[in-house]
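Novice: Coordinates for the following, if possible.
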Amino acid sequence: MSFMFHTVNCHSQFIGKLFSKLDYCGIAMLIMGSFVPWVYYGFYCHFRPKVVYLSVVCALGITSIMVSLWDKFSESGWRPFRAAVFMTFGLSGIVPAIHYGIVEGWFNKVSQKSLGWLILMGLLYIMGAMLYALRVPERWFPGKFDIWLHSHQIFHVFVLGGAFVHYHGISEMAMYRVTIGQCEMPDIPIY
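Specialist: Numbers count the residues shown, from 1 in each chain. Below you'll find the model as predicted:
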């Protein structure tokens, strides 16, 4: 969506605003899409937490999309707020990640690489959003990064890196789940 926004932004004010909203909705959908597979595979054998976390992710995603459709959201003065909305949505994954680490065992999940890849993905997304919100490096060198290497471009590089890392981590989780087979029957209910 971002590519389309930057391509048609100069068409007209109406088209620019419309695609700006779609661009922000795309960010919310990317965050939702980052959550769903790892919650699904991470809580594969734990039905209740899986349903609860997926429901919360969907609710937060829909809320982020609704906020993204608000006219003021795309104004430049709201840039820090935009970054805060998406970073908060992304950071909400800390709760299921901690739960996942406790239920499955921190050492097991880090050694199997699944949790490490997800943490790296989150760090890349957050780092990109922070650079974007703080306008680094152009705030320190006005006029030097107007065309190349400004915060928005760097943000996209971090997001792309995060998406590749996410794909790899989810592939590891899926492969692990496929090779293990069915879930073990617990002695006591695990929530």
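Novice: Centroid-nearest residue for this structure?
Specialist: In the chain, the centroid-proximal residue (C-alpha atoms, centre = their mean) is I31; its distance is 3.1 Å.
Novice: host element of it?
Specialist: Using DSSP states H and E, I31 falls within helix 13-42.
Novice: Going by neighbour count, which residues of the helix or strand hosting H166 are buried?
Specialist: Counting by DSSP H and E, the element that carries H166 is helix 151-180. Judged by neighbour count using 16 or more other C-beta atoms under 10 Å, the buried positions of helix 151-180 are 151, 154-155, 158-159, 161-163, 165-166, 169-170, 172-174, 177. Every residue, glycine included, has its C-beta placed from N, CA and C.
Novice: Between those residues, which sits nearest Y100?
Specialist: Among the buried residues of helix 151-180, M173 lies closest to Y100 (C-beta to C-beta), at 10.3 Å.
Novice: The closest one and F141, how far apart?
Specialist: With the distance defined as C-beta to C-beta, to the nearest Å, M173 ends up 41 Å from F141.
Novice: contacting residues around H156?
Specialist: Residues in contact with H156 (C-beta atoms under 8 Å, 6 or more residues apart in numbering) are 2, 128.
Novice: What distance do you get for the spatially closest residue to L54 that is not a sequence neighbour to I27?
Specialist: Distance criterion C-beta to C-beta, 6 or more residues apart in numbering; nearest residue to L54, sequence neighbours excluded, is V39 at 5.6 Å. V39 is 19 Å from I27, where distance means C-beta to C-beta.
Novice: send the alpha carbons of stretch 177-186 over as PDB?
Specialist: Presented in PDB, the C-alpha positions along stretch 177-186 are these (Å, rounded to 0.1, in the frame of the first residue of the first chain):
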ATOM      1  CA  ARG A 177       4.700 -28.000  14.700                       C
ATOM      2  CA  VAL A 178       4.500 -30.200  11.600                       C
ATOM      3  CA  THR A 179       7.400 -32.500  12.800                       C
ATOM      4  CA  ILE A 180       6.000 -32.900  16.300                       C
ATOM      5  CA  GLY A 181       2.500 -34.000  15.100                       C
ATOM      6  CA  GLN A 182      -0.400 -34.000  17.500                       C
ATOM      7  CA  CYS A 183      -0.500 -32.200  20.900                       C
ATOM      8  CA  GLU A 184       0.200 -34.200  24.000                       C
ATOM      9  CA  MET A 185      -2.600 -34.700  26.400                       C
ATOM     10  CA  PRO A 186      -1.900 -32.600  29.500                       C
END
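Novice: pLDDT of stretch 67-83, averaged?
Specialist: The predicted model assigns stretch 67-83 a mean pLDDT of 86.
Novice: With only the CA atoms kept, save that stretch in CSV.
Specialist: Provided in CSV are the C-alpha atoms of stretch 67-83 (Å, rounded to 0.1, in the frame of the first residue of the first chain):
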residue,chain,number,x,y,z
VAL,A,67,-8.2,5.3,13.9
SER,A,68,-6.2,5.2,10.6
LEU,A,69,-9.4,6.3,8.7
TRP,A,70,-9.7,9.4,10.8
ASP,A,71,-8.9,12.5,8.7
LYS,A,72,-6.5,14.1,11.2
PHE,A,73,-4.5,10.9,11.6
SER,A,74,-2.6,11.6,8.4
GLU,A,75,-1.7,15.2,9.2
SER,A,76,2.0,15.8,9.8
GLY,A,77,1.4,17.1,13.4
TRP,A,78,0.0,13.7,14.3
ARG,A,79,3.2,11.9,13.2
PRO,A,80,4.3,11.0,16.8
PHE,A,81,0.7,9.8,17.6
ARG,A,82,0.7,7.6,14.5
ALA,A,83,4.0,6.0,15.5
